[in-house]
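Trainee: Sequence unavailable; structure follows:
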Ligand code: GDP
Ligand code: MG
C-alpha cells in the first residue's frame with residue numbers, strides 16, 4: 001500500500017496542501033493496515049507534515065520528490081536511524097544473551113548470530129541455557145554443528161550453565177559467548193526471575209530481545225516487559241521473510257526504545273544479517289533491497305561458476321549443463337521468494353505469487369537424467385530419448401518437452417539481447 005502511495009505521488013508535478021493531506025491520509029492508512037503502532041503512526045505523519053510544509057519552497061526537487069524523500073527519511077529514522085554496531089569487549093569474551101517469547105526464534109538466532117560472527121573471524125561459544133524444554137538444548141547443539149561453532153551445556157541449572165559456559169569460553173580462549181535462554185509464552189514471573197539471574201551471573205555486554213516480525217501489537221507490548229526487566233541493548237527481528245509487511249519493524253524501535261541490531265529473513269542459518277534502517281526503508285517504499293541482494297550473491301555465488309556461465313552465454317554455447325550449474329548457484333541464495341522480494345520494481349502480484357520451489361528440483365532431476373551429449377546438444381533428444389529421460393527422472397515426457405521448449409525460448413531471448421554470438425544455426429534451435 002505504501003508503495004502505491006509513493007507511485008501515485010511520483011506522477012504528480014506539483015503538490016498543494018490538499019495533496020499533502022491526501023497523501024498523509026493514505027500513508028496513515030497504509031501504516032495502520034500494516035499493523036504499525038498507533039503512536040508511531042501519529043508521530044510519523046506529523047513529522048512528515050511539518051517537514052513537508054517547511055520545505056514547500058525548495059525548488060531543487062519537485063514537491064512529489066520531496067515527499068518521497070521525506071517519507072524515506074522518516075522511515076529510516078523510525079527504524080532506528082543509523083545501523084547498530086556491535087563492538088567487542090576489550091577483555092574477551094564479549095557476552096551476548098538472547099531473551100524473548102517462546103517461538104520468537106531465539107535458538108535459531110543464537111546459531112545464526114554465531115555463524116555471522118564466525119564469518120567475521122570471531123570464535124564464538126554457544127551456550128544452551130534453556131533447560132525448560134529438553135529438546136531446546138539438543139536443537140542448539142545440532143545448529144551449532146551446522147554453524148561449525150563450539151557448543152556448551154550441562155544439566156545443572158540455567159544459571160549454572162551460563163556461568164560454567166563463561167568459564168569454558170575463557171579457558172578455551174573463545175572471544176564471544178552467546179547464551180540462549182528459555183522462552184516464555186507470556187510474561188511469566190518465574191522465568192523472568194531466571195532471566196534476570198542469568199544476567200546477573202554473566203554480566204552480558206549485550207542483551208538482545210528476539211522478536212517475531214509477524215507478531216501483532218499485543219505481543220510487541222508484552223515483549224516490552226522484557227525491556228523493563230533486563231538491561232536491553234537492542235532487538236533481533238526474525239521471520240522478516242514471512243507475511244509481515246514491515247509493521248512490526250516500524251513499531252519495534254518506538255515500543256522498545258532500542259535499535260534493531262540484526263534481522264533474520266529465513267529458516268537457513270545464512271538468512272541473517274545486521275539490520276540496515278536505510279535499506280529497510282527503501283524496501284518498504286518498493287525500491288528494492290539491491291545492496292542486500294548483492295551481498296547475498298557475493299556470499300553464496302561461486303565467482304568462477306558465474307563467469308564460466310557468462311562466457312558461454314556470450315559465445316552462444318550455453319547448454320543445459322551450464323543451465324543446471326547456474327540454477328544450483330541460484331538455489332544456494334535461498335528461497336526464490338526471498339530473492340524476488342528484494343528486487344526493485346517487481347509488481348506486488350509477482351511478489352505475492354506462490355512460487356513452487358520444488359519446480360527447480362524437478363528441472364534438476366530431468367537434466368540429471370540426460371546424457372552429457374544430450375545436455376550439450378538438446379537437439380539430439382528424440383521421442384525415445386525423451387521417454388527414457390522422463391522415466392529416469394520420475395517425470396513425464398510432456399514435462400521434458402516443456403523444459404526443452406523453455407530452454408530454446410531462453411536461447412532465443414539471449415540472441416535477441418545480442419548475446420549468444422553468431423546468428424542461430426538450424427541445429428541450435430531444432431528440437
Ligand atoms: P525460540 O523458541 O525462541 O528458541 O524459537 P526457535 O529458534 O526454536 O524458532 C521457532 C521457529 O521459527 C523454528 O521453526 C524456526 O525455524 C523458525 N524461524 C526462526 N527464525 C525464522 C526466520 O527468520 N524465518 C522463518 N521463516 N522461520 C524462522
Ligand atoms: Mg529456543
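Mentor: Perfect, thanks for sending it. A quick note: this is a predicted structure, and the numbers were derived from the prediction, not measured. Residues are numbered from 1 along each chain as shown. Ligands and ions are numbered 1, 2, ... in the order given.
Trainee: any idea where the helices of the stretch 151-300 of the chain begin and end?
Mentor: With helices called from DSSP state H, counting those that start in this stretch, the stretch 151-300 of the chain shows them at 158-172, 189-202, 217-229, 247-256, 277-284, 290-300.
Trainee: Where among the ones you listed is average confidence lowest?
Mentor: Per-stretch mean pLDDT for the helices of the stretch 151-300 of the chain is lowest at helix 290-300 (a mean of 67).
Trainee: if we can go back for a sec, point out the one among the helices of the stretch 151-300 of the chain that comes closest to residue 265.
Mentor: Closest approach to residue 265 among the helices of the stretch 151-300 of the chain is made by helix 290-300 (8.5 Å; Cβ to Cβ). In short, each C-beta sits where N, CA and C put it, glycine included.
Trainee: Show me what the helix or strand that the closest one is followed by is packed up against.
Mentor: Per DSSP states H and E, the first helix or strand lying C-terminal to helix 290-300 is helix 303-314. Helix 303-314 sits against helix 320-332, with contacts defined as 3 or more Cβ pairs under 8 Å, 6 or more residues apart in numbering; DSSP states H and E.
Trainee: At the contact with ligand 1, which residues of the chain appear?
Mentor: Listed as neighbours of ligand 1 in the chain under the rule Cβ under 6 Å from any ligand atom: 100, 102-108, 183, 210, 238-239, 241-242, 264-267.
Trainee: Residue 76 and ligand 1: what is the separation?
Mentor: 22 Å (Cβ to the nearest ligand atom, to the nearest Å).
Trainee: Kindly report the same for residue 73.
Mentor: Counting by Cβ to the nearest ligand atom, the gap from residue 73 to ligand 1 is 27 Å.
Trainee: again, but for residue 384
Mentor: From residue 384 to ligand 1 the distance is 44 Å (Cβ to the nearest ligand atom).
Trainee: And the buried ones among the residues of the chain next to ligand 1, selectable in ChimeraX?
Mentor: To isolate in ChimeraX the members of the residues of the chain next to ligand 1 that are buried, counting by 16 or more other Cβ atoms under 10 Å, one can use:
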select :100,102,104,105,106,107,108,183,210,238,239,241,264,265,266
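Trainee: Now the stretch 301-431 of the chain against ligand 1: closest residue?
Mentor: The stretch 301-431 of the chain approaches ligand 1 most closely through residue 335 (8.8 Å), counting by Cβ to the nearest ligand atom.
Trainee: list the contacts for that residue?
Mentor: Counting by Cβ atoms under 8 Å, 6 or more residues apart in numbering, residue 335 touches 241, 266, 355, 357.
Trainee: Not counting residues beside it along the chain, what's closest to the second one?
Mentor: Same thing as residue 266. Leaving aside its sequence neighbours, residue 266 sits nearest to residue 241 (Cβ to Cβ, 6 or more residues apart in numbering; 4.8 Å).
Trainee: Most tightly packed of the helices of the stretch 151-300 of the chain?
Mentor: helix 247-256 (a mean of 24; mean count of other Cβ atoms under 10 Å).
Trainee: what's the angle from that one to helix 217-229?
Mentor: Helix 247-256 runs at 30 degrees relative to helix 217-229, counting by axes from the mean of the first three to the mean of the last three Cα atoms, to 10 degrees.
Trainee: what's the angle between helix 247-256 and helix 277-284?
Mentor: Using the same axes, to 10 degrees, the inter-axis angle of helix 247-256 relative to helix 277-284 is 140 degrees.
Trainee: For helix 247-256, what is the distance to the chain centroid?
Mentor: Computed by Cα atoms, centre = their mean, to the nearest Å, the chain-centroid distance of helix 247-256 equals 17 Å.
Trainee: Give me the helices and strands touching that helix, please.
Mentor: Contact partners of helix 247-256 among helices and strands, from 3+ Cβ pairs under 8 Å, 6+ apart: helix 38-54, helix 63-78, strand 206-212, helix 217-229, strand 234-238, strand 260-264.
Trainee: How about residues contacting the fourth one?
Mentor: Applying Cβ under 8 Å, 6+ apart, the set of residues contacting helix 217-229 from outside is 35, 37, 99-101, 104, 186-187, 192, 195-196, 209, 211-212, 215, 232, 248, 251-252, 255-258.
Trainee: tell me, what residue is most central in this protein?
Mentor: Closest residue to the average C-alpha location of the chain: residue 265 at 2.8 Å, with Cα atoms, centre = their mean.
Trainee: That one is in contact with residue 240, isn't it?
Mentor: Yes - with contact defined as Cβ atoms under 8 Å, residue 265 counts as touching residue 240 (4.6 Å).
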